[in-house]
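Undergrad: have a look at this prediction, sequence included:
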Protein chains: 2
Amino acid sequence: MTPNSRAPDAPGTDLMARRARLLGPNVPTFYDDPVHVVRGEGVWLWDAAGRRYLDCYNNVPHVGHCHPKVVEAIARQAGLLNTHTRYLHEGILEYGERLVARLGHDLQQIIMVCTGSEANDIALRMAQAVTGHTGVIATDNTYHGNTAAVSHLSTRRPPIGGYPSHVRRVPAPDGLLPLGGSVQAQPVAFAANVSRAIEELQAAGHGFAGLMLCPVFANEGMPDVGPGFLAPTVEVVRRAGGLILCDEVQPGFGRTGSHFWGHEWLGFAPDVVTMGKPIGNGHPVAAVVTRPDVMAAFRTAFGYFNTFGGNPVSCAAALAVLEVIEEEGLVQNAHDVGAYTLRLMKGLRHPLIHDVRGLGLFFAVEFAQGGRAAPEFCGQVVERMRQRGVLLGRVGRQQHILKLRPPMPFSRENADLAIGTLAEVLAEMDVHV
Amino acid sequence: MTPNSRAPDAPGTDLMARRARLLGPNVPTFYDDPVHVVRGEGVWLWDAAGRRYLDCYNNVPHVGHCHPKVVEAIARQAGLLNTHTRYLHEGILEYGERLVARLGHDLQQIIMVCTGSEANDIALRMAQAVTGHTGVIATDNTYHGNTAAVSHLSTRRPPIGGYPSHVRRVPAPDGLLPLGGSVQAQPVAFAANVSRAIEELQAAGHGFAGLMLCPVFANEGMPDVGPGFLAPTVEVVRRAGGLILCDEVQPGFGRTGSHFWGHEWLGFAPDVVTMGKPIGNGHPVAAVVTRPDVMAAFRTAFGYFNTFGGNPVSCAAALAVLEVIEEEGLVQNAHDVGAYTLRLMKGLRHPLIHDVRGLGLFFAVEFAQGGRAAPEFCGQVVERMRQRGVLLGRVGRQQHILKLRPPMPFSRENADLAIGTLAEVLAEMDVHV
C-alpha cells in the first residue's frame, strides 16, 4: 500500500491533515498508513477501529504498555506531591541509590533529567569539564539526541554553518562492509579510526574530551560485535586522556538478556553512562550516572539545575520500572525468549537475508542482494508486517536492516506470531536472484 | 539560622548527607535549612513533620499543587496509552489546537518537547534556520535553560573554552541602575545596546539570527518595564532581519493577570514563543510555537523528533491545565488577587525597601541601602519567612530582589498571611540607616 492508495475517507486522513496544519512539514510518522493508536497494554497496541497490533518495536514501554504498577505509582505520587529537587525529598534518593547499585563499579553519582538528549548533552560537558578540551567523537551512523550540541553527533544533514570542527565522526562498525575488510579485523580498524580522529582534534587545537557511543551500536544496525570488541578503542581513548561516554538509552535496563547494561555485556567500564527511553516506561525521565570525580568536575565547571528532573513523580515511575523488572524476571525473560526468538529467526529462509542477529530482546535482519543493501525490500517488509498487525521498524546507514525491539514481557507465543508472520511475508515476497 | 546551627539529628540532615553522596557537590537547595517536603495541595506544602507552608514561590504547580483534575487526567491517560508521536493520536492535536488558539496572531504551529530548555534550544535553531546566521543576543542577567547551547545565554560561569563568539549578552534592564540613567531612557538605551551587539555579530562574521528574552524580564528581577518598552528593540531586530524569540516560561499561561502571555502585555508579536514550567503543572511538558514559515525553515534545516515530546499523557496533563485555568477563572484571579496583594505590599514600610513591583501574581521587592543593592538583607528575609512557614525566593543580578510567584489559585487570605508575615519579618529586622 502506498501513501496515495489510501481512500480519502480512510481513518487517519483527517488526523494527517490536522497534523500537517499544526505540526508543520517533515514530521516523521511510521508506515505508509500510520497507525492511529488509542490503547496499549503489555506488548499490544489497539487502533481506533479496535484492531490489535503486536508491538515488536517500542522499547520505551519497557515493562509493557501501561503496566499497572507503573501507572499506579505515577497516579499515587502525582496526587501527593510533584515538585523540584531544591527541596528535600526521599524519592530521588531512594531511586538514585537503587539505580547506581545496579552499576557494578565506581559509577555512583547521578543527575536526573527528562530526556536522553538532555542526558547526553550533559555527558559531553562532563568530558569537557574533566579534560578541559572540547573535541568529541561519535560514529558516522548514529543518534544521540536532539539538542543542538548532541545533534552534531547525530544529524544526517549538516547544521547551519557546517559541522563544528570539534566534532569528528568515525566510520561505524558495519555488518555488510566490516571495517578493515573482515569481522575479525573490525575492532582494531575501529580503534585506529578513533585514534586518527583524536590526532586530528589535537592538531586542530580542540584537544580530545571523549568518545560517545552506544555499546551495542543500535542505530548502526547492531552489527556483529561482541565482548572485547571495544578493548582496543578503550585503550586508545584512555591513553589520550579522554572519557568513554556510554549511551545506554537502547541496551540498558536488561534488554540484552545477559546483563543489565550493554557495556557490561561488551566488557568495559565507561566513565559516564546515560539512560533514557525505557527508564520510566514512557514517563519523561532520563539520567546521567558517573564517578564522583567526574561529577565534581562537571558541577564545578557548570551550574546545573533541571526543574522537572528528579521530581517525585518521575522517580516513582522509574522506581516502579526497576521493581517490575526484578519482580517479573524480565532480564531472564529477555534472555530466554530472546534466544527462542533468535532460533526462529535463524530458521527464516529468503535469498535477500544477509544476516540475522540478536542480543536478548533486540534483533536485526540485514537484507542485501549481491552484496548491496536492499533498503526498498526492507521497507516493503515493514509495511507488509504492519498490514498484518505486527509493528517493527528499520535501521542502518541505508535503512536496510529490520529492527525488532519489543517490550520486555515479550513471550514465546508473541515470538511465534511475529516470526511466523515474518515468514509469511518473506514467502510472498520471494524473488528470483 | 545558619547552616551550622542545625542540630546533627535534625530532620533533613540524613537526607542532606545522602544527597551529597548521590548527587555530588554544588547541587542547589533552597534555604539554609531546606524543607523536606512530602505533600502538596493547592498553595500549600507540608513537610515530613506535618508542618504546613504557604507556597509563594512555585509557578510550576500553576493551577495548584496536585490539582485533582490534572492528576486524574495523567492517571487516566497513563493507564490507557502512552507512546510517541510517530503514530497518530488525537491528544497532541486536541491540545496543540487549543493552545495555539490562545495566541492571537500567526503563531499557529507547534513542537512539543519535555523541558523549557529543549524548547529554547529549538528556538535558537529556528532563528538560525530562518536567517542562515548563528549570532544570538540575550541579556547579561538571565536564564533560558540548561542545554549546552542555551546555557551560553545563561550561565554565570564562562563555559570551557570561554563564551562562544556568536553569543552577545547585552545589559539587562535594571530597577536600581536603569540603562541610560533613568526609567524613561531605558527602552531606547536597551535597544541601542541590542543594535550595537548586532553590529558586532555582523562584523565578526556570525551574522544575526535573533534576540531571546523573557518579556517580563523575570530573572532580571522584573524591572519596571511596561507596554511599549520593547518597541524600539523590536524595530532594531526586525530591521536587521533577526527573530524575536520570546521565552514565556515564567509569564505565560495568565500569570500577568491582564493577558495570557507576557508578550501580549508588553505589546509585541514575537516570531517564536517558548513555554515550559507551568504548562503541565509539573508534568515534564514544554512547547515551541511559531509561524508556519519559521517552522518550515526549521524542519527543512534540521531533522527533529522527540521521543517523549507530545505523548498522550503529557498532552492530557497540559490540556487539563488549560481547562482548569479557564474553568476556575485563574487569569482573572491573578488580576484581582494580584492587585490586592500589590496594594498590601505597597503598604510595607522599611528603610531598605527600594521598590515594590507587581504584575498579576508575580511580585518583586527590591532591597537597597544608600543606592546599593542589599543582598544579605534580602537573604535574611527569605530565611526568616521560611522559618515562619512562607516560602519565597530571591532574584536579580545581586540576588537582592525578593521574588513572589505563587500558584495561580492564590487567594486574598493567602495574601493576607504572606504579606502580614513579611511585615512582621521586616519589623523585626528594622535597622537604623
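TA: Noted; the coordinates are in hand.

Undergrad: so what's the residue in the stretch 301-433 of chain A positioned nearest to chain B closest to, chain neighbours aside?
TA: With C-beta to the nearest C-beta as the measure, A:Phe308 is the residue of the stretch 301-433 of chain A nearest to chain B, at 4.0 Å. C-beta: built from backbone N, CA, C; applies to glycine. Excluding the flanking residues, the one nearest A:Phe308 by C-beta to C-beta, 6 or more residues apart in numbering or on different chains is B:Pro284, at 4.0 Å.

Undergrad: give me the neighbour count for the one you found.
TA: The tally of other residues near B:Pro284 (other C-beta atoms under 10 Å in any protein chain shown) stands at 31.

Undergrad: show me what contacts it?
TA: Contacts for B:Pro284 (C-beta atoms under 8 Å, 6 or more residues apart in numbering or on different chains) come out as A:114, A:283-284, A:308, A:311, A:314, B:114-115, B:308, B:314.

Undergrad: in which helix or strand would I find the residue of the stretch 301-433 of chain A closest to chain B?
TA: In the assignment (DSSP states H and E), A:Phe308 maps to no helix and no strand.

Undergrad: surely A:Val324 and A:Glu72 touch.
TA: No - counting by C-beta atoms under 8 Å, A:Val324 stays clear of A:Glu72, with 10.9 Å between them.

Undergrad: ok, and the closest non-adjacent residue to A:Gly210?
TA: Closest residue to A:Gly210 apart from its sequence neighbours, by C-beta to C-beta, 6+ apart: A:Ala127 at 3.3 Å.

Undergrad: what do you get for A:Thr85?
TA: Per C-beta to C-beta, 6+ apart, closest to A:Thr85 is A:Gly310, 4.7 Å.

Undergrad: check which helix or strand the one you found maps to.
TA: Using DSSP H and E, A:Gly310 sits in no helix or strand.

Undergrad: now swap in A:Leu422 and tell me
TA: Counting by DSSP H and E, A:Leu422 is found in helix A:412-428.

Undergrad: run through who's touching that helix.
TA: Applying C-beta under 8 Å, 6+ apart, the contact partners of helix A:412-428 are A:43, A:54, A:56, A:337, A:340-341, A:344-345, A:348-350, A:353, A:381, A:384-385, A:388-390, A:392, A:404, A:406.

Undergrad: still on that earlier bit, quick check: the residue nearest to A:Thr85 touching A:Glu94?
TA: No - in this structure, A:Gly310 is not within contact of A:Glu94 by C-beta under 8 Å, at 11.3 Å.

Undergrad: the more surrounded of these two?
TA: More neighbours surround A:Gly310 than the other of A:Gly310 and A:Glu94, with 26 against 15 (other C-beta under 10 Å).

Undergrad: contacts only, for that one.
TA: Applying C-beta under 8 Å, 6+ apart, the residues near A:Gly310 are A:85, A:91-92, A:96, A:111-113.

Undergrad: which non-adjacent residue is nearest A:Asp174?
TA: Nearest residue to A:Asp174 in three dimensions, chain neighbours excluded: A:Pro223, at 5.6 Å (C-beta to C-beta, 6+ apart).

Undergrad: ok, the residue of the stretch 301-433 of chain A closest to chain B touching B:Gly282?
TA: Yes - counting by C-beta under 8 Å, A:Phe308 touches B:Gly282, with 7.3 Å between them.

Undergrad: which neighbours do the two share?
TA: The contact sets of A:Phe308 and B:Gly282 overlap at B:Val60 (C-beta under 8 Å, 6+ apart).

Undergrad: ok, back up a step: quick check: the residue nearest to A:Asp174 vs chain B, distance?
TA: Distance from A:Pro223 to chain B, counting by C-beta to the nearest C-beta, to the nearest Å: 23 Å.
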